[in-house]
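Enquirer: how would this look folded up:
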Amino acid sequence: MRKKQFVAVSIAAAASFGGAVLAQQNVPEIAFESVPNFLKLPPDLYLGEVAGVAVNSKGHVFVFSRGNTTGPANGAAAAQLLEFDREGRYVREIGKNLYAWSFAHAIRIDKDDNIWAIDKGSDMIIEFNPQGRVKMVFGRKKEASDENDGPWTHVNPPRPAVNGQFRQPTDVTWDLEGNIFISDGYVNSRVARFSANGDWIAQWGQPGKGPGEFNTPHSIAADANGNIYVADRGNRRIQVFDHEGRFLREMKIDVPAPEDAQPWMGARPGPETGATMQPGSPWAICITPGPRQYLYSSDAFPGRIYKLSLDGKVVGMLGRSGHQLKQFGWIHELACPSENEIYVAELLNWRVQKLTLHPQ
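Expert: Now for the predicted structure:
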């Protein structure tokens, strides 16, 4: 019989912002396997921190890595986009020496197999067509010729957000009509909405802890009804909106870490540690295809992946921090092309793991 752990999961509905509705449940550990040496890299090619992973309709895997970099740590072009076939064989590099490459953050594939790269360092989002040519460009990086220019600073009060300009964006998703939603990000704390043609429509969100406010919206996904799920990492919750940006509910993963759990590095987080390193804080989310959809979310400590129904019930969990297969080092992005197949991008272990799940 599989091990089970007693947990509390809190769900705040749109009708009751002021207090979370608590539900008690048993969460099973999901049995799973990791494919050894899934990615077959050429002899002279290496991954750095893997910030993003995505899968297209052919099963090809796209990896956005902070690799192929030279120069000082704070000025390196740490972004490289690689494609592999469904068996993990290397296919090509996309966008070699692209002007937008600075510091990789996420990669996504839309319904037409267009490839979307989100670069936190250049403040840019690039859409490539399936052939790997640039199709649309969002945002603009700072000019190297500007005097005394440098990275964005986190000032208080925050700078007003500007339509179409991004400050350390994090992720992208789409609704049923193809409208584009960009989570933005480490500085602006908002979601920006564009039409399918790239025209600015609106934004929502600001720094804070209330409904519709964010503290580092770090990952974003949409369900089959076009609702938008935002991993509000610094507030340790997932917020759900309709495609107009109206707040629907929030979900919190309240699963205590095992007493013997250790982080990949550093001291074990305590009550005084910020929300980002607390159990259940969502670093990455993905939503499976239908007809019955599930949301997967990952945390940095204790390094687990959680399986949730779309109403916020945790139905399973797997993994822990570590260096070996089936262990994780800061999962930064998840791809879930089916309910029981997950691809995991890890920052600290410099790799992608392909997982096959065997739930009860």
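Enquirer: from residue 63, how far off is the residue located most distally from the centre of the chain?
Expert: Taking C-alpha atoms, centre = their mean, the residue of the chain most remote from its mean C-alpha position is residue 147, at 33.6 Å. Distance, residue 147 to residue 63, using C-beta to C-beta, to the nearest Å: 37 Å. To be clear about C-beta, it is placed using only N, CA and C from the backbone, and glycine gets the same treatment.
Enquirer: mind showing which ranges of this protein have poor pLDDT?
Expert: 1-25, 71-75 (pLDDT under 70).
Enquirer: tell me the SS of the residue farthest from the centre of the chain?
Expert: coil (DSSP: H, G, I helix; E, B strand; the rest coil).
Enquirer: and residue 348, by the same measure?
Expert: Taking three-state DSSP, the label given to residue 348 is coil.
Enquirer: that one contacts residue 329, doesn't it?
Expert: Yes - using C-beta atoms under 8 Å, residue 348 is in contact with residue 329, at 3.1 Å.
Enquirer: give the residues shared as contacts by the two.
Expert: Applying C-beta atoms under 8 Å, 6 or more residues apart in numbering, one finds that residue 348 and residue 329 are jointly contacted by residue 264.
Enquirer: tell me which of the two has more neighbours.
Expert: residue 329 (21 against 18; other C-beta atoms under 10 Å).
Enquirer: contact partners for the more buried one?
Expert: Per C-beta under 8 Å, 6+ apart, neighbours of residue 329: 264, 303, 321-323, 346-349.
Enquirer: distance of it from residue 79?
Expert: Residue 329 is 19 Å from residue 79, by C-beta to C-beta.
Enquirer: now do residue 66
Expert: Applying C-beta to C-beta to residue 66 and residue 79 gives a distance of 6 Å.
Enquirer: need the overlap of contacts for the two.
Expert: 103-104.
Enquirer: these two: who's more crowded?
Expert: Neighbour totals were compared for residue 66 and residue 79, and residue 79 leads with 27 against 24 (other C-beta under 10 Å).
Enquirer: does that one really touch residue 121, like I thought?
Expert: Yes - taking contacts as C-beta under 8 Å, residue 79 lies within contact range of residue 121: 7.3 Å.
Enquirer: so what's the residue count around residue 266?
Expert: Using other C-beta under 10 Å: residue 266 sits among 10 other residues.
Enquirer: can you offset everything so residue one is 49?
Expert: Done: numbering now begins at 49, and the last item shifts to residue 314.
Enquirer: can you name the helix or strand that it falls in?
Expert: For residue 314, there is no host helix or strand (DSSP states H and E).
Enquirer: from residue 208, how far out is it?
Expert: 35 Å.
Enquirer: what do you get for residue 386?
Expert: Residue 386 is 42 Å from residue 208, by C-beta to C-beta.
Enquirer: same thing with residue 196?
Expert: Taking C-beta to C-beta, one finds residue 196 at 21 Å from residue 208.
Enquirer: more crowded one of those two?
Expert: residue 208 (7 against 4).
Enquirer: doesn't the more buried one lie inside a strand?
Expert: No - counting by three-state DSSP, residue 208 is not part of a strand but coil.
Enquirer: gap between it and residue 330?
Expert: Taking C-beta to C-beta, one finds residue 208 at 27 Å from residue 330.
Enquirer: next: residue 167.
Expert: From residue 167 to residue 330 the distance is 21 Å (C-beta to C-beta).
Enquirer: and if you look at residue 243?
Expert: In terms of C-beta to C-beta, residue 243 sits 28 Å off from residue 330.
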